[in-house]
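Peer 1: here's a sequence, model it:
(one chain, ligands or ions: 1)
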Amino acid sequence: MSVLEKINSEELIALEDQHGAHNYHPLPVVLSKGKGVYVWDVEGKKYYDFLSAYSAVNQGHCHPKIVNALMEQAQTLTLTSRAFYNDKLGKYEKFITDLFGFDKVPPMNTGAEAVETALKICRKWAYEKKGIDEHQAVIVVCENNFHGRTTIISFSNDENARKNFGPYTEGFIKIPYDDIEALKNVLENNKNIAGFLVEPIQGEAGVYVPSDEFVAKAKALCKQNNVLFIADEVQTGIARTGSLLAVCGNCNCENNCERNPQTYVKPDLLILGKAISGGVYPVSAVLADNAVMNVIKPGQHGSTFGGNPLAAAVATAALEVIQEENLIQNARSLGKLFRSELNKYIQNSTIVSLVRGKGLLNAIVINDSEDSSTAWDICMKLAENGLLAKPTHGNIIRFAPPLVMNEEQLLDCVSIIIKTLKEFER
Ligand code: PLP
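Peer 2: Next up is the predicted model:
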């Protein structure tokens, strides 16, 4: 069968079922086109995308500027490997380090790969700068974390993600999320701690927003104890939460992040992925200043595709779109509107107990047991009503539309969500 042959949704799902590994459980919707905040299935039905490929498509589907950058570069030079220099990488490295305020970046491809990169840099720094004895470095992580699907699952506490994938990588200590006392305790009682790896908002776990001071206090504790503060902003970064980064805090930047010293918490290692390419190409990055990044020398880390000219061109365009289209501000104001509209509804709802989030990274908690199928059933009904979302953990539904949405579209989405929820009220 030719991959170009036109077949219907059911047949396409059957093909994936038969020939693809069963490592995902998608909603039975087969998409073939996307534009801005919309996607279409193979039968031509139009939907609002309320997931944005797990926050990778912040700039909207097939953004013309990003697609043009891809097409132009694809016809010129795609991959050189890092055996040679290319004419796009240095300019991109300057652009991204200036934008986020760091000295250096190793360009990578996927989020998990960037997390692995940050862990390597952190450990090397611990041995060479902090003076921890060989093989003794420990990294503190949080319960219910999500940092990717490689050996990173060693420090996950999601049994489904971990079971029968051992032996696990050693050298991690888990503490509860948003628990400053637990962090203080562990940092003060273990001299071998190299870093604290944390999501400023836990996305996969169900959009858990920590208390206001958590990130700033955690960074201060890390500094006091000579431990690197490592922020995983793969999902929360790039305007998603209403600031360029979630570690910007409640800043009021109009456009570009000005790194307001009143609110900004600078990580020692910043991990980015997903939306730095606008969902057009896999691009990720780790940013740090020289005191940390310079521990990495030739031959100690790399990737065949990392830093290729295509990725550099795409990521530059994608990050420019965030600034040019005021997506930070848009995410902030539409996020407030979304939560306020849903909160009004929830007051008299028996099916939804809570809406939470920041900017346009939000979730509703369904009032049912964690193992019930209600969240899934609601997502099926939402799809029928023209909006695509997916349950994250158990009974939580994440809502993360592209940030190029306008107010009218958002209110249309709110009415679809409310109309759908009403069908489930008991
Ligand atoms: N870190 C966080 C916070 C994430 O949300 C994700 C993916 O959802 C990752 C890392 C892994 O990214 P990738 O799927 O690109 O490997």
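Peer 1: what comes into contact with the top helix by length along the chain?
Peer 2: If you go by DSSP state H, the chain has its longest helix at helix 327-346. Helix 327-346 is contacted from outside by 58-59, 239-244, 253-257, 321-322, 352-362, 364, 399, 403-405, 407, 410-411, 414, 417-418, 421, using CB atoms under 8 Å, 6 or more residues apart in numbering. Glycine gets a C-beta too; all of them are placed from N, C-alpha and C.
Peer 1: give me the pLDDT value at the closest residue to the ligand within the chain.
Peer 2: The nearest approach of the chain to the ligand comes at G111, 2.1 Å away (CB to the nearest ligand atom). pLDDT recorded at G111 is 98.
Peer 1: any idea how many residues pack against it?
Peer 2: 25 (other CB atoms under 10 Å).
Peer 1: now it. Its backbone dihedrals?
Peer 2: phi -60, psi -50 (degrees, to the nearest 10).
Peer 1: flag every buried residue along the longest helix of the chain.
Peer 2: Buried residues in helix 327-346, counting neighbours by 16 or more other CB atoms under 10 Å, are found at 327-335, 338-339, 341-342, 345-346.
Peer 1: about what we covered before: so which of the contacts of helix 327-346 sit within helices?
Peer 2: If you go by DSSP H, the contacts of helix 327-346 have 321-322, 407, 410-411, 414, 417-418, 421 in helices.
Peer 1: top of those by number of neighbours, please.
Peer 2: So for those (other CB under 10 Å), the most neighbours sit at I417, 26 neighbours.
Peer 1: ranges for the helices of the chain?
Peer 2: Per DSSP H, the chain carries helices over the ranges 9-19, 52-55, 64-74, 89-100, 111-125, 159-162, 180-188, 214-224, 290-293, 309-324, 327-346, 374-384, 407-422.
Peer 1: list the contacts of the first one.
Peer 2: Contacts made with helix 9-19 from outside it, assessed by CB under 8 Å, 6+ apart, are listed as 7, 28-30, 41-43.
Peer 1: if we take those residues, which one ends up nearest to N308?
Peer 2: For the contacts of helix 9-19, the closest approach to N308 (CB to CB) belongs to V30, at 30.1 Å.
Peer 1: the closest one is in contact with D41, isn't it?
Peer 2: Yes: V30 lies in contact with D41 (CB atoms under 8 Å); the separation is 5.6 Å.
Peer 1: flag every residue of this protein that's near the ligand.
Peer 2: Counting by CB under 6 Å from any ligand atom, the positions of the chain adjacent to the ligand are 54, 110-112, 115, 146-148, 199, 203-204, 232, 234-235, 273.
Peer 1: low-confidence bits of this structure, can you list those?
Peer 2: Where the chain drops to pLDDT under 70, the residues are 1-4, 254-257.
Peer 1: before we move on, back to that, the helices of the chain: which one's closest to Q300?
Peer 2: Of all the helices of the chain, it is helix 111-125 that lies closest to Q300, at 7.4 Å by CB to CB.
Peer 1: so which elements touch the closest one?
Peer 2: Helices and strands touching helix 111-125, by 3 or more CB pairs under 8 Å, 6 or more residues apart in numbering; DSSP states H and E, are strand 138-142, strand 193-198, strand 228-232, strand 269-272, strand 284-287, helix 290-293.
Peer 1: now tabulate the ones you listed in JSON lines and tack on mean neighbour count.
Peer 2: Formatted as JSON lines, those follow (neighbours: other CB atoms under 10 Å):
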{"stretch": "strand 138-142", "mean neighbour count": "23"}
{"stretch": "strand 193-198", "mean neighbour count": "26"}
{"stretch": "strand 228-232", "mean neighbour count": "27"}
{"stretch": "strand 269-272", "mean neighbour count": "26"}
{"stretch": "strand 284-287", "mean neighbour count": "28"}
{"stretch": "helix 290-293", "mean neighbour count": "16"}
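Peer 1: need the ones you listed in TSV (columns: distance to K120).
Peer 2: Formatted as TSV, the helices and strands packed on helix 111-125 follow (distance: least, CB to CB, whole Å):
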stretch	distance to K120
strand 138-142	11
strand 193-198	11
strand 228-232	11
strand 269-272	10
strand 284-287	9
helix 290-293	12
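Peer 1: contacting residues around the spatially most central residue of the chain?
Peer 2: Taking CA atoms, centre = their mean, the centroid of the chain lies closest to Q235, which sits 1.2 Å from it. Q235 makes contacts with 54-55, 111, 199, 201, 203-204, 274, 361, as judged by CB under 8 Å, 6+ apart.
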